[in-house]
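Novice: Got a sequence here, can you build the structure:
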Amino acid sequence: MQTMTMPQVPVLPWYRHRWPWLLMAGPAFVLVAGTITSYIAIKGQDALVVGDYYKKGKAINQDLRRDRAAAALGLKMELDYKASAGQLEGHISSNAPLADNQLMLHLAHATQPEKDVRVVVKLAPDGSFHVPLPMLERSRWTVLVEPMHLGWRLEGRWDWPASYAVSMQPVAD
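Specialist: Down below sits the predicted model:
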């Protein structure tokens, strides 16, 4: 009678098998992702948080007075962005002549204050103006227009590039 011998399977060390590596990949991925997330949380600054919220809250009343002053003047402004020419064209109209022929135009990026744009605008006698403006990033911009003496303000929202123009007028109480 002949005996059958089983073929010898070579015994490999654990690191030569794929299953231990597959089981260790999940926790290793979680450790790397957690480290990256922690780094971003520690190094990234949240620009939306205001340090002195009480002072900002008190300033809201002053801003409302500026909105009321704009409403009393009957101010209306239209802005049109010609991206191909890199020009922002606008026109401001009011019931009374404006005391200042220079305005401060502030385009505030929705989430990244370092991308904000501030431009001093010189008005023509008819209330129109043209200023060079670099290509804007796709975003929802807050537009703030005010004179140099800060007596009134106009504020509006602008979704670029969904809309090339924005029209602003003060909100009546």
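Novice: packing partners for the strand or helix carrying residue 167?
Specialist: Here residue 167, judged by DSSP states H and E, is contained in strand 165-168. Secondary structure elements in contact with strand 165-168, counted by 3 or more CB pairs under 8 Å, 6 or more residues apart in numbering; DSSP states H and E, are strand 76-82, strand 139-147, strand 154-160. C-beta coordinates here come from the backbone N, C-alpha and C atoms, glycine included.
Novice: how about those strands, which one is nearest residue 36?
Specialist: Ranking the helices and strands packed on strand 165-168 by proximity to residue 36 (CB to CB) places strand 139-147 first, at 25.1 Å.
Novice: From residue 67, how far off is residue 163?
Specialist: Per CB to CB, to the nearest Å, residue 163 is found 22 Å from residue 67.
Novice: So between the two, which is more surrounded?
Specialist: residue 67 (18 against 11; other CB atoms under 10 Å).
Novice: which residues does that one contact?
Specialist: 152, 153, 155, 170, 171 (CB atoms under 8 Å, 6 or more residues apart in numbering).
Novice: And the residues you listed, which is the shakiest by pLDDT?
Specialist: Across the contacts of residue 67, the smallest pLDDT goes to residue 171, namely 73.
Novice: State the helix or strand in which the residue lying closest to that one once chain neighbours are set aside lies.
Specialist: By the measure of CB to CB, 6 or more residues apart in numbering, the closest residue to residue 171 outside its immediate chain neighbours is residue 67, 6.5 Å from it. Using DSSP H and E, residue 67 falls within helix 53-73.
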